[in-house]
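Engineer: what follows is a protein structure lacking sequence information:
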Ligand SMILES: [Zn+2]
Ligand SMILES: [Zn+2]
């Protein structure tokens, strides 16, 4: 097991780690009121707030910051957009997945025009659909189009996204996005060393290993049980692993993981910290958490929440 990354003061314990770290109580209240009162009139600036984080075993120098932008599985939930994560190091910002609803949440943490690259794990809507809105935001910005940024995705991402917005395939979204087909790697995206692996899922779907300065993030994307995922997540400081299913009879193979399976994958990988994500709104997330805790994995386990921020 490697050095754990740290999300909160150790004294808060695991349960407290579920508090959305970068979302102060006042902001939570504003969000709760928003549905009733429309927008709050408060001009939001990207939130900075990692001040409450106290990295353990980290003596300064290089670090990777991981922010949960959206963690709802399969479709947005009342408290979260679909999948999206912001990965930052050396001022470089990589967005990992941009599922439906994530574009709004992202703006709370970083300007849309200070994103350097996007990676898309697969072309299910809950992982890629907000590229549509992002194309509009970059293409029709009032003070001129934003520069193209690379979008790394599965084969055919450019055509599929053009189709999603009802654009001609040529040029499609290529004025805003420099589409590149994901490779196994490892290869460089900004300061990050990125390795991908194909996962069992009904469509071409990738998991990621993202390394920087000796720190490692692993992200499962959507996947069924996979030995390859265990290898990809080997000794990761932080393992963002999907837990879409609850334990029960008749679960389809090659689709998603349960909390127990996520815990077992994390244990076998030797991951330092497990964050359960892709939590489907119709499930009780606390059951997923219990399954993971009962799996034999002995490291800290959190449920992903919007605004939770981890410094590796
Ligand atoms: Zn999904
Ligand atoms: Zn999927």
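Structural biologist: Cool, the structure landed. Fair warning: this is a prediction, and the values are worked out from it, not measured in the lab. Ligands and ions are numbered 1, 2, ... in the order given.
Engineer: contacts and neighbour counts: CA atoms only from here.
Structural biologist: Fine.
Engineer: for the stretch 51-200 of the chain, which segments count as strands?
Structural biologist: Assigned by DSSP state E, counting those that start in this stretch, the stretch 51-200 of the chain shows strands spanning 65-70, 84-89, 92-96, 117-119, 149-153, 177-181, 187-189, 192-198.
Engineer: want to throw the ones you listed into TSV with mean pLDDT?
Structural biologist: What follows is the strands of the stretch 51-200 of the chain, written out as TSV (pLDDT from 0 to 100):
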stretch	mean pLDDT
strand 65-70	98
strand 84-89	98
strand 92-96	98
strand 117-119	98
strand 149-153	98
strand 177-181	98
strand 187-189	97
strand 192-198	98
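Engineer: deepest-packed of these, please.
Structural biologist: Of all the strands of the stretch 51-200 of the chain, strand 65-70 carries the top mean neighbour count, a mean of 27, counting by mean count of other Cα atoms under 10 Å.
Engineer: which residues touch it?
Structural biologist: Strand 65-70 is contacted from outside by 80-89, 99, 101-102, 105-106, 304-312, using Cα atoms under 8 Å, 6 or more residues apart in numbering.
Engineer: again, only using 6 Å
Structural biologist: 80-88, 102, 105-106, 306-311 (Cα atoms under 6 Å, 6 or more residues apart in numbering).
Engineer: stretch 166-180 now?
Structural biologist: 148-152, 159, 162.
Engineer: just to revisit the earlier point, the strands of the stretch 51-200 of the chain into JSON lines, with extra columns for distance to residue 142?
Structural biologist: Converted to JSON lines, those look like this (distance: least, Cα to Cα, whole Å):
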{"stretch": "strand 65-70", "distance to residue 142": "25"}
{"stretch": "strand 84-89", "distance to residue 142": "25"}
{"stretch": "strand 92-96", "distance to residue 142": "23"}
{"stretch": "strand 117-119", "distance to residue 142": "22"}
{"stretch": "strand 149-153", "distance to residue 142": "18"}
{"stretch": "strand 177-181", "distance to residue 142": "18"}
{"stretch": "strand 187-189", "distance to residue 142": "29"}
{"stretch": "strand 192-198", "distance to residue 142": "32"}
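Engineer: so where do the helices sit in the stretch 1-150 of the chain?
Structural biologist: For the stretch 1-150 of the chain, applying DSSP state H, counting those that start in this stretch gives helices covering 13-16, 25-37, 102-106, 125-128, 131-139.
Engineer: ah, wrong one, I meant the stretch 201-312 of the chain
Structural biologist: Going by DSSP H, counting those that start in this stretch, the stretch 201-312 of the chain shows helices at 227-232, 259-269, 285-293.
Engineer: so of those, which one's packed in deepest?
Structural biologist: For the helices of the stretch 201-312 of the chain, the highest mean count by mean count of other Cα under 10 Å goes to helix 259-269, at a mean of 25.
Engineer: so which elements touch that helix?
Structural biologist: helix 285-293 (3 or more Cα pairs under 6 Å, 6 or more residues apart in numbering; DSSP states H and E).
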